[in-house]
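Participant: heads up, no residue letters with this:
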């Protein structure tokens, strides 16, 4: 049956530092106006736009600093964009004064961070790339003499470059147009120069690495430029560096991602060795348990505040003296951010390595233009349901990738990332705004782990995962979370969770291992989880689960009620769901459940399955005609479901 393919591409979650003085600091200096929520936002924006165009250096600097913070408010950001702030800030990137350059670059960077893909697309349409490329080309002309640091602190050049490369990274991550512009701009040598600056400026080197990690994905021209012996030597040196600090770990992880993107351009003689080395780096990245580090930080912070007479909510508990709630050191906080980001990146790379890419066209021989002309729509189709079905070959990896993942015990390390955090820890994290980034970071880390496990379960041998018992434990653990009241909210997490469940149950179906204790109530809960979500991916994952469960229970005499519950839910979804893609997947699940098996045959007759499917056929054909132009690469899936529906009806009618 035509199954949907999973999208392996990840979009990196972007950090939110401004690199500029905060609004509070500017207010204390008396250099900015009141930006409080009670102020007139529109008037504030108009005033700041005037400052950006002022001949006064101080006015322009103040405007940049204020806007850099104001863009974190979505309403303010949209208003600024509507007022043409990108086109106003663009020329300031080339201002003769480095303070203005840094401030304007920081503003644009923060816009790309605060907004989503649409904001970045809007910035591209407003021609942000022209001044950004011009700025980077100016520094490119100075190679190799570009100064990247000054003594023990960043100089203006390195700070401007860090802001500019971060902006470039965000834009390229969001928009292919930015990548195309980058390819033609001849600024790659500058990015590489910054990448090699780790001993002078690690933050700049990491930003350059993040940029390279993004622009090398599916980018053959850049991959070719970076696959010379000289450049590969640079990356191999970074990959094998021995620094113990977490930032060194992040740089090594990003370098592994760059080499992974370059794999098709690597010399054949060194591909195996490079693969082993980068997988080893990824395994080392996943060694540390971030939960332990977070617990230690929070505990020490709370204890220190108690000693100093400050409660966890920042209130004074000591009447004899004024105490201040002490922040955890910036270094500890930044280290935790880097650790979580390193592990997120490692899981993304492993997931992409584990994702089978079928370059053949599965649908090349399928006629998508045919339609039925008979009264019931059945006579014009080839009667093939009574033939032996063609079994699809299992999804598999190349032996080199499989062996490298197994040698470094990657599946076990990924499984460890699925451990769900204790409520007490989450309560501590959420008790203070100082730690909100930790909660979101841990959630993203779990999402990456779930998607990574989804691909690994599909791609590696069962024994590597611990055999059937381990698979059952994972299934029960994930199912309990999906059906609990404490499942984290958000479509990203729920899609990752249901995707992992789908892969696990599909793996169980290959060894005929039916889940134990699954009831009608569980089926209803799963379906309600999908019906309450607007995300098609979540609904499709749940349908895939139900199809696999149904095929496993179709032969079990004691599972008649559960199979009936599955059948009724699938028919309901196939009849009422507004998405043609979801309807097609629901039909696939029906074919999987009721294709064979004594119990399935009994249930099919009891719920009047064939008659309901025949009534559904005209509706499916009509929806296919109406939505054909909007289905894109899902059109073959939907058309295949329609074709198989006709065949399935004829097949079941012959059995009666």
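Facilitator: The structure has been received and is ready for your questions. Remember, it's a predicted structure, so these values are computed and weren't measured experimentally.
Participant: Helices along the stretch 551-656 of the chain, start to end?
Facilitator: Secondary structure of the stretch 551-656 of the chain, counting by DSSP state H, counting those that start in this stretch: helices at 560-576, 580-594, 598-606, 609-627, 635-655.
Participant: and residue 572, how many neighbours?
Facilitator: Per other CB atoms under 10 Å, the neighbour tally for residue 572 reads 14. Where C-beta positions appear, they are placed from N, C-alpha and C, glycine not excepted.
Participant: same check, this time on the one 10 residues further on
Facilitator: Counted by other CB under 10 Å, the residues lying close to residue 582 total 22.
Participant: any idea how far residue 591 is from residue 547?
Facilitator: Per CB to CB, to the nearest Å, residue 591 is found 8 Å from residue 547.
Participant: OK, contacts around residue 526?
Facilitator: 482-483, 542, 545-546 (CB atoms under 8 Å, 6 or more residues apart in numbering).
Participant: I'd guess residue 72 is in a helix, am I close?
Facilitator: No: read with DSSP: H, G, I helix; E, B strand; the rest coil, residue 72 is coil and lies in no helix.
Participant: quick revisit: including mean pLDDT and distance to residue 518, could the helices of the stretch 551-656 of the chain go into a markdown table?
Facilitator: Conversion of the helices of the stretch 551-656 of the chain to a markdown table gives the following (pLDDT from 0 to 100; distance: least, CB to CB, whole Å):
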| stretch | mean pLDDT | distance to residue 518 |
| --- | --- | --- |
| helix 560-576 | 94 | 6 |
| helix 580-594 | 95 | 13 |
| helix 598-606 | 93 | 14 |
| helix 609-627 | 89 | 20 |
| helix 635-655 | 90 | 24 |
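Participant: ranking these by burial, who's on top?
Facilitator: By mean neighbour count, with neighbours taken as mean count of other CB atoms under 10 Å, helix 580-594 ranks first of the helices of the stretch 551-656 of the chain at a mean of 26.
Participant: now the angle from it to helix 560-576?
Facilitator: With axes from the mean of the first three to the mean of the last three CA atoms, to 10 degrees defining the directions, helix 580-594 sits at 160 degrees from helix 560-576.
Participant: least trustworthy helix or strand in this structure by mean pLDDT?
Facilitator: One helix or strand of the chain scores below all others by mean pLDDT, DSSP states H and E: helix 23-28, with a mean of 40.
Participant: I'd like the next helix or strand past that helix.
Facilitator: Next helix or strand after helix 23-28 toward the C-terminus (DSSP states H and E): helix 41-52.
Participant: So which residues of the chain form strands?
Facilitator: Taking DSSP state E, the chain contains no strands at all.
Participant: Could you tell me which ranges of it sit under the pLDDT cut-off?
Facilitator: 1-39, 146-155, 301-330, 356-397, 420-424, 432-433 (pLDDT under 70).
Participant: backbone phi and psi for residue 535, please?
Facilitator: phi -80, psi 120 (degrees, to the nearest 10).
Participant: Can we start the residue count at 15 from this point?
Facilitator: Sure, I'll start numbering at 15, so the last one becomes residue 549.
Participant: doesn't residue 505 make contact with it?
Facilitator: Yes: Residue 549 lies in contact with residue 505 (CB atoms under 8 Å); the separation is 4.4 Å.
Participant: thinking again about what came up before, quick one, which of the helices of the stretch 565-670 of the chain is nearest to residue 85?
Facilitator: Of all the helices of the stretch 565-670 of the chain, it is helix 594-608 that lies closest to residue 85, at 36.0 Å by CB to CB.
Participant: and that closest one with helix 612-620, angle?
Facilitator: 120 degrees.
Participant: Point out the other helices and strands that helix 594-608 packs with.
Facilitator: Here helix 594-608 touches helix 550-567, helix 574-590, helix 612-620, helix 623-641, helix 649-669, going by 3 or more CB pairs under 8 Å, 6 or more residues apart in numbering; DSSP states H and E.
Participant: what's the spacing between residue 587 and residue 656?
Facilitator: Residue 587 is 16 Å from residue 656, by CB to CB.
Participant: and what of residue 444?
Facilitator: For residue 444, the distance to residue 656 equals 48 Å [CB to CB].
Participant: How about residue 500?
Facilitator: 40 Å.
Participant: got it, and residue 149?
Facilitator: On the measure of CB to CB, residue 149 and residue 656 end up 54 Å apart.
Participant: again with residue 121
Facilitator: 52 Å.
Participant: Please apply the same query to residue 209.
Facilitator: Distance from residue 209 to residue 656, by CB to CB: 51 Å.
Participant: same deal with residue 455?
Facilitator: In terms of CB to CB, residue 455 sits 44 Å off from residue 656.
Participant: So for residue 549 and residue 505, which residue has more residues nearby?
Facilitator: Shown here are residue 549 and residue 505; by other CB under 10 Å, residue 549 has more neighbours (15 against 12).
Participant: quick one on the thing from earlier: compare the helices and strands packed on helix 594-608 and give me the one nearest residue 470.
Facilitator: It's helix 550-567; of the helices and strands packed on helix 594-608, that one is closest to residue 470 (CB to CB) at 16.4 Å.
Participant: what separates the closest one from the chain centre, distance-wise?
Facilitator: Centroid separation for helix 550-567 versus its chain: 22 Å, with CA atoms, centre = their mean, to the nearest Å.
Participant: do stretch 68-82 as well
Facilitator: The answer for stretch 68-82 is 36 Å, by CA atoms, centre = their mean.
Participant: quick one: buried residues of it?
Facilitator: Across stretch 68-82, burial judged by 16 or more other CB atoms under 10 Å covers 73-82.
Participant: contacting residues around stretch 569-580?
Facilitator: The contact list for stretch 569-580 (CB under 8 Å, 6+ apart) reads 528, 532-534, 537-538, 560, 563-564, 567-568, 603, 607, 611-614, 616-617, 620-621.
Participant: Leaving out chain neighbours, which residue sits closest to residue 56?
Facilitator: residue 93 (6.5 Å; CB to CB, 6 or more residues apart in numbering).
Participant: Hmm, that neighbour is touching residue 58, no?
Facilitator: No: using CB under 8 Å, residue 93 is not in contact with residue 58; the gap is 9.1 Å.
Participant: neighbours of the residue nearest to residue 56, just the number please.
Facilitator: When neighbours are counted by other CB under 10 Å, residue 93 comes out with 18.
Participant: Please tell me how far residue 272 sits from residue 425.
Facilitator: Distance from residue 272 to residue 425, by CB to CB: 24 Å.
Participant: same check, this time on residue 495
Facilitator: When distance is defined by CB to CB, residue 495 is 19 Å away from residue 425.
Participant: Show the contacting residues for residue 81.
Facilitator: 62, 66, 94, 99, 103, 121.
Participant: Neighbour-wise, give me the winner out of the residues you listed.
Facilitator: When neighbours are taken as other CB under 10 Å, the top entry among these is residue 121 (32 neighbours).
Participant: any idea how far that one is from residue 206?
Facilitator: The value you get for residue 121 to residue 206, if CB to CB is used, is 26 Å.
Participant: Check residue 577 too.
Facilitator: Distance, residue 577 to residue 206, by CB to CB: 59 Å.
Participant: Residue 536 - how many residues pack around it?
Facilitator: 17.
Participant: Do I have it right that it meets residue 494?
Facilitator: No: Residue 536 is not in contact with residue 494 according to CB under 8 Å; the separation is 10.3 Å.
Participant: ok, back up a step: got TSV for the helices and strands packed on helix 594-608, with distance to residue 430 too?
Facilitator: TSV is the format used below for the helices and strands packed on helix 594-608 (distance: least, CB to CB, whole Å):
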stretch	distance to residue 430
helix 550-567	23
helix 574-590	32
helix 612-620	38
helix 623-641	43
helix 649-669	35
